[in-house]
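Q: Kindly generate the corresponding structure for this input.
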Amino acid sequence: MDLVILAAGEGKRFGGDKLLADIKGIKLYQYMEKIYNQAYDFDNKIIVSKDGEILKYYKGRGFTSIYNDKPELGKSRSIKLAVEELKKIENSGSVLFGVCDQPLLRSDTISKIIDEFQKSNKTISSVRCGNRLGNPCIFSNKYFDELLRLGEDEGGKKLIKAHICEVLFVDIENEDELMDIDTKDAYNYVLKKIH
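A: From the prediction side, this is the model:
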């Protein structure tokens, strides 16, 4: 299993670079790296960001750091940059895509998604709480070309809808795990929840 962390969002609704926000005495992007690393021993690890500080930090922790020079083109730009890199190397055959602003996501949940996916005969997996889909998602490398054809601000949900019979939904009970820090209100909510 490979890992791609998408960390190139512009943070417009947050009013600045949310990935530099403090979570328990460290920056959000550092906090998220620990969550992913505790979950699984990934074969290849990639971070896509527009921020040199973030890229340097992750590179020092064994990630391939990819600079996204056009974050305004939306999340599909980061997905494509990562997939292009995975196609160049000996990839593991499946990749977990995660985001860098989801600090209530638990390492155990990531481990569960990977474990259930690997035991299944499905080629896509998505975490779900009730009717709400969220990150992380897993895609077999058979979808790499489709991911490269995503439109400007499209993401993995487009493929999930197009290949619904191929999707393993992994249900979780706590919807907070799916929360992105997109606003200051969300950030303040997360700070109250993290002990």
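Q: Okay, and residue 31 sits in which element?
A: In this assignment (DSSP states H and E), residue 31 forms part of helix 28-39.
Q: Quick check: next helix or strand after that helix?
A: Downstream of helix 28-39, the first helix or strand assigned by DSSP H and E is strand 45-49.
Q: okay, now residue 43: neighbour count?
A: Each residue near residue 43 was counted by other Cβ atoms under 10 Å, and the total is 15. Heads up, the C-betas are built off the backbone N, CA and C, glycines and all.
Q: Which residue is the nearest non-sequential neighbour of it?
A: Once flanking residues are discounted, residue 43 sits nearest to residue 92: 4.3 Å by Cβ to Cβ, 6 or more residues apart in numbering.
Q: contacting residues for the nearest residue to residue 89 once chain neighbours are set aside?
A: Excluding the flanking residues, the one nearest residue 89 by Cβ to Cβ, 6+ apart is residue 44, at 6.3 Å. Residues near residue 44 by Cβ atoms under 8 Å, 6 or more residues apart in numbering: 2, 3, 64, 86, 89, 91, 92.
Q: now do 7 Å
A: Shown in contact with residue 44 (Cβ atoms under 7 Å, 6 or more residues apart in numbering): 2, 89, 91, 92.
Q: And it, how close does it get to residue 96?
A: For residue 44, the distance to residue 96 equals 11 Å [Cβ to Cβ, to the nearest Å].
Q: And the residue nearest the centre of this structure?
A: Against the mean C-alpha coordinate of the chain, by Cα atoms, centre = their mean, the closest residue is residue 98 at 1.1 Å.
Q: Does it belong to a helix, a strand or coil?
A: strand (DSSP: H, G, I helix; E, B strand; the rest coil).
Q: shouldn't it be in contact with residue 134?
A: No. Look at residue 98 against residue 134 with Cβ atoms under 7 Å: they stay out of range, at 10.3 Å.
Q: picking that back up, so the residue nearest to residue 43 is in contact with residue 42, correct?
A: No. The pair residue 92 / residue 42 is not scored as a contact, 8.1 Å apart, by Cβ under 7 Å.
Q: between the two, which one's more packed in?
A: Ranked by neighbour count (other Cβ under 10 Å), residue 92 and residue 42 place residue 42 first, with 19 against 15.
Q: bridging residues for the residue nearest to the more buried one when sequence neighbours are not counted?
A: Spatially, and ignoring its direct neighbours in sequence, residue 42 is nearest to residue 3 (4.1 Å; Cβ to Cβ, 6+ apart). Beta-bridge partners recorded for residue 3 (DSSP bridges): residue 45, residue 96.
Q: And the pLDDT at residue 3?
A: At residue 3, the model reports a pLDDT of 98.
Q: quick one: it from residue 128, how far?
A: Taking Cβ to Cβ, one finds residue 3 at 20 Å from residue 128.
Q: Of these two, which one has the most company?
A: Legend: neighbour count by other Cβ under 10 Å for residue 3 and residue 128, higher for residue 3 (24 against 17).
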